[in-house]
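S.K.: I'd like to go over a predicted model; first the sequence, then the structure.
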Amino acid sequence: MKTRITEMLGIDFPVIAAPMFLVSNPELVAAVSEAGGLGTFPALNYRKPEQFEEGLKVVNSLTDKPYGVNIITNKSNIYQEQHLEICIRNKVPVIITSLGSPRQVIEEAHKIGTKVFCDVTNLDYAKKVESLGADAVVAVGYGAGGHAGKIVGSVLVPWLVENLKIPVIAAGGIADGKTLLSALALGAEAGYMGTRFIACNETAVNEEYKKSILESDPEDIVFTARVTGAHANFINTPYLERLGTELGFFERFWTRFSFTRKWFKMYKGYRAMKGMGESASTGKKKAWKDVWSAGQTVGLIKDTKPAAEILAEVVREYSEAKKKLP
Ligand SMILES: Cc1cc2nc3c(=O)[nH]c(=O)nc-3n(C[C@H](O)[C@H](O)[C@H](O)COP(=O)(O)O)c2cc1C
């Protein structure tokens, strides 16, 4: 399966295991990259930049194939400069930026040949990152796990493909061979799969979270800004139901002015990361405060298996689905 992304990275399959806060660990990254896709993880998975560098060393000890690191490039990430420095020092093959301007990352990364992919949810922003020199965009469509866009992928992807010169990677709604085939048919040059990889053997999240991925339907996914201050998708747990999906009076007030909005988002982001950390961790006791992020593909996920088997299955299903097309 050759696309501009597989050629650019020297990988076998146009499948990227998307970076997932507190879910993607070095074992998952290495398993996907070893199996011919691209494994990735967020630098923010580690509380301190030094720990992130240790994490990189673990990845490098497990694979010599290309892999990627996600850096959050807005002000909520107080370590972004250190994350970038560590990536450059360790010659990370791919950096994926999200939530803020990728300018500095692109400038520094390109000096050592590191590729930079940027998360985008609309054409304006996609054009901006292309003009800054991004190597590809990740088109995050409606229904994706984590922070998602408001445009459905089946429109966002071809819209960006038509208007950009750099490759477009489709994110959101891809969990198997059929959905990968549909993304490539729309012009995407790789599929970015997050939610599917939560339910795999390598992730160290608690079993209730994995079970919830297998048992949830697309209707159980709630798109709300209430948890992090920016719109994201979550499984509708009893805790989320109690929290509600609309911002409260004071929260709406804080988001009215640009200065207070910035601090409000940082505060919400910090609280959400803490809550998600507690909910995802394996040793947790309390089940009353579950904040589990996932996309609408939960409806397509029926089993937990090793990441390499997921990838092999996706590739097999892709070929079968292609043959079955009328
Ligand atoms: C639990 C979870 C955590 C995520 N954390 C991050 C993150 O830290 N950084 C990021 O850029 N995207 C994050 N995402 C978004 C994914 O990278 C990706 O865009 C998304 O999962 C694709 O949609 P899908 O879940 O439908 O496959 C997260 C998604 C999930 C489900």
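M.R.: On my side now, so go ahead.

S.K.: what's around the closest residue to Ala35 other than its chain neighbours, how many residues?
M.R.: Spatially, and ignoring its direct neighbours in sequence, Ala35 is nearest to Ala308 (3.9 Å; CB to CB, 6 or more residues apart in numbering). Just so you know, the C-beta spots here come from the backbone N, C-alpha and C atoms, and that holds for glycine as well. If you count neighbours by other CB atoms under 10 Å, Ala308 ends up with 17.

S.K.: how about Val140?
M.R.: By other CB under 10 Å, 29 other residues sit near Val140.

S.K.: beta-bridge partners for it, please?
M.R.: For Val140, the beta-bridge partners are Ala171 (DSSP bridges).

S.K.: pLDDT at it, what is it?
M.R.: Here the pLDDT value assigned to Val140 is 97.

S.K.: before we move on, what about Ser182?
M.R.: At Ser182, pLDDT is 98.

S.K.: repeat for Ala225
M.R.: Ala225 is given a pLDDT of 86.

S.K.: would you mind measuring from it to Gly145?
M.R.: As for Ala225, its distance to Gly145 is 15 Å (criterion: CB to CB, to the nearest Å).

S.K.: whatever residue of the stretch 51-200 of the chain ends up closest to the ligand - how many residues pack around it?
M.R.: Closest residue of the stretch 51-200 of the chain to the ligand, CB to the nearest ligand atom: Gly194 (1.9 Å). Neighbours of Gly194 under the rule other CB under 10 Å: 27.

S.K.: quick check: closest non-adjacent residue to it.
M.R.: Leaving out its chain neighbours, Gly194 is closest to Ala18 (CB to CB, 6+ apart), at 3.7 Å.

S.K.: check Pro14 too.
M.R.: With CB to CB, 6+ apart as the criterion, Pro14 has its nearest non-adjacent residue at 3.8 Å, and that residue is Ala190.

S.K.: do a quick rundown of the strands in the stretch 1-150 of the chain.
M.R.: For the stretch 1-150 of the chain, the strands defined by DSSP state E, counting those that start in this stretch cover 15-17, 38-42, 67-72, 94-98, 115-120, 136-140, 146-147.

S.K.: contact partners for the nearest residue to Glu53 once chain neighbours are set aside?
M.R.: Counting by CB to CB, 6+ apart, Ile86 is the residue found nearest to Glu53 once chain neighbours are left out, at 4.9 Å. Ile86 makes contacts with 43, 49, 52-53, 56, as judged by CB atoms under 8 Å, 6 or more residues apart in numbering.

S.K.: burial count for the closest residue to Val29 other than its chain neighbours?
M.R.: Nearest residue to Val29, sequence neighbours excluded (CB to CB, 6+ apart): Gly39, at 3.3 Å. Gly39: 32 surrounding residues under other CB under 10 Å.

S.K.: wait, isn't Gly39 in contact with Asn70?
M.R.: No - with contact defined as CB atoms under 8 Å, Gly39 does not reach Asn70; the gap is 11.4 Å.

S.K.: and this structure, which of its residues are near the ligand?
M.R.: Residues of the chain lying close to the ligand by CB under 6 Å from any ligand atom are 18-21, 23, 42, 70, 98, 119, 140, 144-146, 171-174, 192-195, 293-295, 297.

S.K.: where do the helices sit along the stretch 101-250 of the chain?
M.R.: Using DSSP state H, counting those that start in this stretch, the helices of the stretch 101-250 of the chain run over 103-111, 123-132, 153-163, 177-185, 195-198, 207-215, 238-243, 249-254.

S.K.: by contact count, what packs against the first one?
M.R.: With contacts defined as 3 or more CB pairs under 8 Å, 6 or more residues apart in numbering; DSSP states H and E, the packing partners of helix 103-111 are helix 80-89, strand 94-98, strand 115-120, helix 123-132.

S.K.: could you dump the ones you listed to TSV with mean pLDDT?
M.R.: TSV is the format used below for the helices and strands packed on helix 103-111 (pLDDT from 0 to 100):
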stretch	mean pLDDT
helix 80-89	96
strand 94-98	97
strand 115-120	98
helix 123-132	98
